[in-house]
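1. Provided below for reference: sequence and predicted model.
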Amino acid sequence: MNLTMSESEPALLLRLYRELVRLRVVEERIAELYPEQDMRCPVHLSIGQEAVPVGVCAHLGPADYALSGHRSHGHYLAKGGDLRAMLAEIYGRATGCSRGKGGSMHLVDLEAGFLGATPIVGSTIPIAVGAALGAAMRGEPRLSVAFFGEGATEEGVFHESLNFATLKRLPVLFVCENNLYSVYSPLEVRQPPGRSVRDLAAGHGLATASGDGNDVLAVYRLAGEAIARIRRGEGPALLEFATYRWREHCGPNYDNQLGYRTEAEFRQWQARCPLSRARAALEAAGVSAAELEAAELAPRAEVDAAVAYAKASPYPNAADLASDLYAAAAPAPNPELPPHSWPAP
Amino acid sequence: MNLTMSESEPALLLRLYRELVRLRVVEERIAELYPEQDMRCPVHLSIGQEAVPVGVCAHLGPADYALSGHRSHGHYLAKGGDLRAMLAEIYGRATGCSRGKGGSMHLVDLEAGFLGATPIVGSTIPIAVGAALGAAMRGEPRLSVAFFGEGATEEGVFHESLNFATLKRLPVLFVCENNLYSVYSPLEVRQPPGRSVRDLAAGHGLATASGDGNDVLAVYRLAGEAIARIRRGEGPALLEFATYRWREHCGPNYDNQLGYRTEAEFRQWQARCPLSRARAALEAAGVSAAELEAAELAPRAEVDAAVAYAKASPYPNAADLASDLYAAAAPAPNPELPPHSWPAP
Amino acid sequence: MARPLTYSQALNEALALALERDPAVYLMGLGVPDPKGIFGTTLGLAQRFGAARVFDMPCSENAMTGVAIGSALAGLRPVMTHQRIDFALLAVEQIVNQAAKWHYMFGGRMRVPLVIRMLIGRGWGQGPQHAQCLHAWFAHVPGLKVVLPATPSDAKGLLLASVADNNPIVFLEHRWLHNVSGDVPEGYYTVPLGRARVARPGKDVTLVATSYMTLEALRAAELLAPLAIEAEVIDLRTISPLDTATIVQSVRRTGRLVVADLGTRSFGIGGEIVARVAETDPTLLKSPPARVSPPDLPTPTSPVLANLYYPRAIHLVAAVRRQLGLPTDPADLTPAPTARLDVPDPSFAGPF
Amino acid sequence: MARPLTYSQALNEALALALERDPAVYLMGLGVPDPKGIFGTTLGLAQRFGAARVFDMPCSENAMTGVAIGSALAGLRPVMTHQRIDFALLAVEQIVNQAAKWHYMFGGRMRVPLVIRMLIGRGWGQGPQHAQCLHAWFAHVPGLKVVLPATPSDAKGLLLASVADNNPIVFLEHRWLHNVSGDVPEGYYTVPLGRARVARPGKDVTLVATSYMTLEALRAAELLAPLAIEAEVIDLRTISPLDTATIVQSVRRTGRLVVADLGTRSFGIGGEIVARVAETDPTLLKSPPARVSPPDLPTPTSPVLANLYYPRAIHLVAAVRRQLGLPTDPADLTPAPTARLDVPDPSFAGPF
Ligand SMILES: Cc1ncc(C[n+]2csc(CCOP(=O)(O)OP(=O)(O)O)c2C)c(N)n1
Ligand SMILES: Cc1ncc(C[n+]2csc(CCOP(=O)(O)OP(=O)(O)O)c2C)c(N)n1
Ligand SMILES: [Mg+2]
Ligand SMILES: [Mg+2]
């Protein structure tokens, strides 16, 4: 359960830790503010699951694509999405990343390569594959990442997507956060006993691996290997990470009192907090308490400012209601498009 | 490539051979009559693929359920479907198994336990699972079989169905006839190289096996093992059989001249004709030429009579157009229904 | 004896009665046995009838609809639930190509008694993918019946009629109705499918509504009463079969028609209702008929935009006034940005 | 210069031009590069533009629609094909929840230029699951555009306009049109989306049609001419956006409206068209408007039943006669059981 680290890793881990803390601080602030009833849209918090987005996205640049589902705050932020635009979106403001039309379940940041999140379980998986196809056909060295939960692997579209990605050897990474639940439904009522998403995926013939999703360095290493492989043109890969959602499925509260999971299970997972574990490893590696505290305080100012920005932002107005139904006419075909370098299968 | 047989098997093989011949004779007659343009619906012939329906259905009784897709004549007949009603259906007559509303792509015979065939690729697979669920919940010792092609395994619903059947350990047998093509599309443009349906299915955790789909005894044995396992309550199974369609995808002709497959490949598979191989094995086992010829002639009279019946049958009339849109009111709930014996998962 | 129950309690009672009366009935759907029990409608049923008859399912809407169909062929009577109609779009192939057609296309030899309950989401930022109202789609499919109860007693009686019916039924529950109370008779009863209800009689204008819009239409009728305009409110209850006779009889008397719909305007159910009246006799209409519905746009999430998106009683009033030559100041129709119109009542806090 | 081409040749030419002009365009679909080339429409294109831009796909309609969407987000302009609209029901979630809404729900920041060609099957026993016409569904979804060309030159120009458009387009081709010939201009041109075409002017009655029904409407106009009834035929070309102005202007002159539709009657496009006229002014209509369409039934397979199912020119004639007080003997509308009405012409033998 302990992180192991080579001599050179404290700096890396500190960088990852800063990002873990940032995600946690943002979402705890959302949980704190939500009862004010000014964020009038569903929010699915990823508190407890931060290590996966952080460990994976550490290998990605803004040119790479990422897509996610209903639980996307962490993916959006770790991928470099604009925090102010995200909070403004959750507050339903015109300055939101989707200009208030989408809310928490529809985040997007083109500059950061975060192509979009939508809350129909599994539905952005093929879209991520298509983005990889687009990059490949245009000869761009981009990689595309699909983030999803284990519930999404029960949707047929997951399999269809894996088949096509493998067939065409597309540069796409499938990242499954297996947090044991789909809403209040445990794995036992949805998947045969002993099922592993990794094994299920392997039947399609792509590279697969699984790991501890609460160990940010483990995530970082597995993602690094998979992404290097994909960047070498060896085709798609899937990673399955075991992790756990702390708060209720949707909303700011804890909900163990409902009885769909045990307090003991919850505590066991809380003891494996990705932040605490990274912190302990950093301490053990000799990072000073002052440096750690600084890392922990750092995001607060940014988050304060972003909340203030969001709250001060204007609401959309009546004219915005009907705007953006249709995209404007196409520009003339772009002659500068790179030539097609994607080989026929 | 040769059939191997134990001492006691000639009688079994002769029985299977009779059924192989029957299916072949029926479909060759359809191919012969089709150009008359009186069968005014698409027909998907299974000539060349007869060993799978015959070998599988030899283990089933009328109480067992079977469902199929667009290429269903063989499954319908081998399952015990009424030949006259099938031909009348293809001829669009009121005496057809679907009273002319369905045609070749919508065969049904409740008395034979053939619950239905419909031509949307993959779509009867979950329906077969549901029939198994129904049987299980009602405590009936029925088994349900889903017949489909390898193209159907590319539809997400295939995976969703396997997952649920395995989760609930349902009495359902999945039978995939892998004939290498979906219409004119070879496997290479649809599935990654080296993909086996069997391995793909195995990820779901059900029992799987694969075999030579042109060797009726091999089919019979594999199906026998799988079905015995299912009847023992050990959960679902999947069988993949390699086989080959001789005629065009849809219609009565040969179509190798189109160039989507090679003449050499076609000949190689024709040399593996399930009928010839069974016949050779029967000869080798000492079955007399006279007996074999009798078996080969036997279905002709039945088919002649069925064609005559179908052609002489009346067409539906104007009143039939609007009938059967809605099923009549429910009978009162049936108190004689067997108690639920299906254990909660 | 009738007693007051909420819409969701009424549905819960109907499901319990259905399970009790017929061992062939079973319930399945994402979250059906979970602690929230589909907004209360399935609470306690797994405990009472056992996990073999009331169960959860994988996130596999498409296959599970096929499974429900197959089980219906095998003699069961499934009741399936989708927490949002939007999720059921994954199952449209099974619903439309299969369930709707098996009886007809197999010449009456097969039947698919299947109730598919789908929630029509609304409010608190449900947004573009959790708040669609696609009832017009299902009504366009021969072989399906489409039911949209507006009151607790109809919810119970129509659900029991749906479970007793031998056909596939799309049963749509508007999220803003679950907490609404009304008198509900005890015991088993059915409300026939295909018959509309005159929710309030009137002689000056006919307001045709379904589901939640029936409440807005009744509010509109109250707002019109002081103006000495007596609006007749028709609650369709089922849109397939559609009770054209009740609509036409009313318009014959009132000469004016306003349709209040939940779905977006164009190619929705409003067009069909207007067309049926016009086809009967366009001269019945003393003024151009009106459709009041959300505009032809996806549902926006921001509460400020959602306020502008959903029509309310005042929009129906404005439509009636226009027909009578009494215009409305458009400013009266525009809600304040801070108005909390994204919840049915203040107790409804949070996303669901 | 225009030359005669078949509808499928015109589509083939449009696809070649689209591929030629813009390297971002690519074609994908079951059988697209196969020897039959989607009824000729894609023949030769894989050879000419390469397998990287014209390719087949797995039987995975749902994911492949998502793939097309994702590639559009990444800068490509996919043209996807389904050989029957019925198969595309598997992809409705991606088309309706995703493609139609990405532009709006991401505040205009994303766009999905995607053309989905779907064949509307008919004839020779296509039956319940291979012959549906669900264009009304897609027209009901804000964010989609729905195109139904009737002539070869419109097929080319509308397809090029669709490929050039930055929105998801549902492009519907009726199987009975592929072999129809007509003059088609050479070179690149577009026909604007959203504008109807007066296919034949007339002053006595307005026949509104789309796709193949335009041919039947033109035949009906010819049958009416000897009775001194001048029918105006409007070919809508696109139903979303719908060119209401052209319809209303015509009815203003003729006072009579008959809508000829491909889909089943109730909750189809006919209701919307009738409603738009009635909403404008019900007194424009001198007699009750009529909808001529298949009945509210799945498509039966037997040719004898299919003959009774599909309306033809004579049914339009009968509707017009009824409006003018000239009844028709129902027997005249009932085809002989042996009539071969399940093919567009005798050369069309066999299932497709
Ligand atoms: C197609 C579809 N079905 C059901 C839902 C309702 N739903 C929203 S989130 C969710 C849970 C999915 O579980 P998982 O994929 O494991 O993600 P997690 O919430 O655990 O992160 C469900 C079922 C949905 N949004 N879309
Ligand atoms: C969902 C769907 N997509 C496409 C089709 C068109 N189609 C009809 S049969 C067929 C071939 C399917 O191949 P396979 O399952 O291997 O069966 P085979 O024809 O080889 O027996 C296809 C693609 C269809 N009927 N349904
Ligand atoms: Mg989960
Ligand atoms: Mg095949």
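-> Nice, I can see it. Ligands and ions are numbered 1, 2, ... in the order given.
2. got the CA coordinates for stretch A:173-192 in PDB?
-> Included here for stretch A:173-192 are C-alpha records, laid out as PDB according to Å, rounded to 0.1, in the frame of the first residue of the first chain:
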ATOM      1  CA  LEU A 173      -6.300   5.500 -24.300                       C
ATOM      2  CA  PHE A 174      -9.300   4.100 -22.500                       C
ATOM      3  CA  VAL A 175      -9.200   4.900 -18.800                       C
ATOM      4  CA  CYS A 176     -11.700   3.200 -16.500                       C
ATOM      5  CA  GLU A 177     -12.200   4.300 -12.900                       C
ATOM      6  CA  ASN A 178     -13.700   1.300 -11.200                       C
ATOM      7  CA  ASN A 179     -15.200   2.800  -8.100                       C
ATOM      8  CA  LEU A 180     -17.400  -0.300  -7.500                       C
ATOM      9  CA  TYR A 181     -20.800   1.500  -7.800                       C
ATOM     10  CA  SER A 182     -23.100   2.900 -10.400                       C
ATOM     11  CA  VAL A 183     -25.200   5.300  -8.400                       C
ATOM     12  CA  TYR A 184     -26.300   3.100  -5.500                       C
ATOM     13  CA  SER A 185     -25.900  -0.200  -7.400                       C
ATOM     14  CA  PRO A 186     -23.000  -2.400  -6.400                       C
ATOM     15  CA  LEU A 187     -21.000  -4.500  -8.900                       C
ATOM     16  CA  GLU A 188     -22.800  -7.700  -7.900                       C
ATOM     17  CA  VAL A 189     -26.100  -6.600  -9.400                       C
ATOM     18  CA  ARG A 190     -24.500  -5.600 -12.700                       C
ATOM     19  CA  GLN A 191     -21.500  -7.800 -13.600                       C
ATOM     20  CA  PRO A 192     -20.700 -11.500 -13.000                       C
END
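3. now the residue of the stretch 101-250 of chain C found nearest chain A, what's its secondary structure?
-> Ranked by C-beta to the nearest C-beta, the top residue of the stretch 101-250 of chain C for proximity to chain A is residue C:125, at 2.5 Å. Bear in mind the C-beta positions are built from the backbone N, C-alpha and C, glycine included. Of the three states, residue C:125 takes coil under DSSP: H, G, I helix; E, B strand; the rest coil.
4. Relative to chain D, how far out is the closest residue to residue C:256 other than its chain neighbours?
-> Of all residues not flanking residue C:256 in the chain, residue C:205 sits nearest, at 4.0 Å (C-beta to C-beta, 6 or more residues apart in numbering or on different chains). If you measure residue C:205 against chain D using C-beta to the nearest C-beta, to the nearest Å, the figure is 15 Å.
5. Could you check the pLDDT of residue C:205?
-> If you check residue C:205, the pLDDT there is 98.
6. repeat for residue A:209
-> Per-residue pLDDT puts residue A:209 at 98.
7. quick one: it is in a strand?
-> Yes - checked against three-state DSSP, residue A:209 lies within a strand.
8. That one against residue A:226, yeah?
-> Yes - at 6.5 Å, residue A:209 counts as touching residue A:226 under the criterion of C-beta atoms under 8 Å.
9. re earlier: wait, isn't the residue of the stretch 101-250 of chain C closest to chain A in contact with residue C:301?
-> Yes - using C-beta under 8 Å, residue C:125 is in contact with residue C:301, at 4.7 Å.
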